[in-house]
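Asks: Sequence first, predicted coordinates after that:
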Amino acid sequence: MSIENTAPSAEVQPRPVVGRLPKYAAGKPPAPVEGLAAYKLASNENPMQPVPAVLAAIAAQTAYNRYPDPLSTKLRNALAGFLDVPADDVVTGAGSLGALTQILAGFAGQNDDGVPDEVVYAWRSFEAYPICVGTSGAVSVQVPLTAEGRHDLDAMAAAVNERTSVVLLCTPNNPTGPVLTTAEVEDFLAKVPRDVLVVIDEAYQEFVRNPEAVDGIEMYRKHPNVAVLRTFSKAHGLANLRVGYSVAQQHITRHLRVVATPFAVSSVAEDAAVASLAHYDEVVEKVQSLVDERTRVVAGLRALGWTIPEAEGNFVWLALGKDAQEFARLADEHALSVRAFANEGVRVSIGEAEANTRFLEICSKYPKGPGLK
């Protein structure tokens, strides 16, 4: 039996907001160039494998036919010991982005009166922010960074109003690199109403060496309206397994568990993360080797006369403006992929030593670097 559709031809349409959302642009793999090893420096990935205990934990998995523990109890307990926080203050998610999505689902969106909440964040910052905020039904309020690529916290505090439900603080800021200091964040929190949730996104926290940098966990202990985002994707080298978490007081986490995606963290990811925490001294060694490479790259750029912001993540920011795409194409010709933001700049991840050296060689021959003009 066939059913004839006599209605006018039409297509299923998404919500109007979907058409207004920016498209997430993942870092592309490098183009092959004959005679050169290709390196991807476009996604802030850890170029090193996870520690051996993690690989062993992954290899030991057999229960692929079973659902994981929806609460990630083993991982939350491990994090409770590692961070010295109650396990009930930890909510896991599919990377820190998944944890952020849960926070926005619970605390930002369209209200019963039809008026949307506002979410305040610095811009440019993590490019998924406007997508996640828009999807939640809330409105983005983007506050421009300073000329040094830092959050303008005074302007952000001034942007908070009665419609603001969430503020996002990215430290170190992705893609520009500077951190927020403890003093700055304390001052900011004193200006923000206690019913506004302030999310401190610390995806790159393990790479920070600035002694004045804020520690989100300490802020959460002192301020009941603070939530912290962290991830195993970067320092721990588990980007492909998608495991992150938020830390907040229980008047917040009890709502996050209501909106959390069930089974978002697989048992493979959970066991890998637990093993990585148990061998954190080895993780620290790997991270320090990347920090040493970052120091070499930053020193090399500055020796060339390039002006770059403070770099506290596993990447550097080149404020190339209109030349961003040109530089990215040049890198591609040398078998390096970097992340260009059109008319703004280029983010270059710290990768293998050979990749970093080749990047510096490209910069030494490029005449339009920031500070050279």
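Replies: Great, that's in hand. None of these values were measured; they are calculated from a predicted model.
Asks: which stretches of the stretch 251-373 of the chain form strands?
Replies: 315-318, 336-341, 345-349 (DSSP state E, counting those that start in this stretch).
Asks: Let me have the ones you listed in CSV, extended by distance to Leu153.
Replies: Just so you know, the C-beta spots here come from the backbone N, C-alpha and C atoms, and that holds for glycine as well. What follows is the strands of the stretch 251-373 of the chain, written out as CSV (distance: least, CB to CB, whole Å):
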stretch, distance to Leu153
strand 315-318, 19
strand 336-341, 22
strand 345-349, 21
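Asks: Just put these in CSV and tack on mean pLDDT, mean neighbour count and distance to Val139.
Replies: Rendered in CSV, the data for the strands of the stretch 251-373 of the chain read as follows (pLDDT from 0 to 100; neighbours: other CB atoms under 10 Å; distance: least, CB to CB, whole Å):
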stretch, mean pLDDT, mean neighbour count, distance to Val139
strand 315-318, 98, 27, 27
strand 336-341, 98, 24, 22
strand 345-349, 98, 26, 26
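Asks: Can you point out the buried residues in the biggest helix by length in the chain?
Replies: Taking residue count as the measure and DSSP state H as the definition, the longest helix of the chain comes out as helix 280-303. Along helix 280-303, these residues count as buried under the neighbour rule (16 or more other CB atoms under 10 Å): 283, 286-287, 290-291, 293-294, 297-298, 300-301.
Asks: tell me, what residue is most central in the chain?
Replies: Central residue check for the chain by CA atoms, centre = their mean: the C-alpha nearest the mean position is that of Ala203, 5.0 Å away.
Asks: Using CSV, list the CA coordinates for stretch 338-347.
Replies: The C-alpha trace of stretch 338-347 is given here as CSV (Å, rounded to 0.1, in the frame of the first residue of the first chain):
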residue,chain,number,x,y,z
VAL,A,338,47.6,25.3,12.0
ARG,A,339,44.3,26.9,13.0
ALA,A,340,43.5,30.1,11.3
PHE,A,341,40.7,32.5,12.4
ALA,A,342,40.0,34.6,9.4
ASN,A,343,41.0,38.3,9.8
GLU,A,344,42.0,37.7,13.4
GLY,A,345,45.0,35.4,13.9
VAL,A,346,46.5,31.9,13.9
ARG,A,347,46.7,29.5,16.8
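Asks: And the contacts of it?
Replies: Outside of stretch 338-347, the residues within contact range by CB atoms under 8 Å, 6 or more residues apart in numbering are 25, 27, 41-44, 124, 127, 174-176, 315-322, 324-325, 327-328, 331, 348-349, 359, 370.
Asks: Throw together a ChimeraX command that grabs the buried residues out of these.
Replies: One line in ChimeraX is enough to select the buried ones among the contacts of stretch 338-347; burial here means 16+ other CB under 10 Å:
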select :27,41,42,43,44,124,127,174,175,176,315,316,317,318,319,320,324,327,328,331,348,349,359,370
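Asks: outside of stretch 275-286, which residues touch it?
Replies: When contacts are taken as CB under 8 Å, 6+ apart, the neighbours of stretch 275-286 outside the stretch itself are 46, 48, 50-54, 56-57, 78-79, 82, 206, 232, 235-238.
Asks: so how far is the first residue of that stretch from its last?
Replies: One end of stretch 275-286 sits 15 Å from the other (CA to CA, to the nearest Å).
Asks: where does the chain have its least confident helix or strand?
Replies: Across the helices and strands of the chain, mean pLDDT, DSSP states H and E gives its lowest value to helix 16-20, namely a mean of 84.
Asks: pLDDT averaged over the following helix or strand past it, what's the number?
Replies: Proceeding N to C from helix 16-20, the next assigned helix or strand is strand 39-41, under DSSP states H and E. Per-residue pLDDT over strand 39-41 has a mean of 98.
Asks: what residue ranges in the protein are flagged as low confidence?
Replies: Within the chain, the ranges that satisfy pLDDT under 70 run 1-9, 373.
Asks: returning to that earlier point: go through the contacts of stretch 275-286 and flag which are in strands.
Replies: Counting by DSSP state E, these place none of their members in strands.
Asks: Only the buried subset of the residues you listed, as a PyMOL command please.
Replies: The PyMOL command for the buried members of the contacts of stretch 275-286 (criterion: 16+ other CB under 10 Å) is given here:
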select buried, resi 46+50+51+53+54+57+78+79+206+232+235+236+237+238
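Asks: Stretch 364-373: which residues count as buried?
Replies: For stretch 364-373, the neighbour count (16+ other CB under 10 Å) marks 366, 369-370 as buried.
Asks: What of stretch 211-226?
Replies: Buried residues in stretch 211-226, counted by 16+ other CB under 10 Å: 213-217, 219-220, 223, 225-226.
Asks: So which of those are in strands?
Replies: Using DSSP E, the buried residues of stretch 211-226 in strands are Val226.
Asks: ok, which pair from the buried residues of stretch 211-226 is furthest apart?
Replies: The distance between the two most remote of the buried residues of stretch 211-226 (CB to CB) is 20.5 Å, for Ala213 and Asn225.
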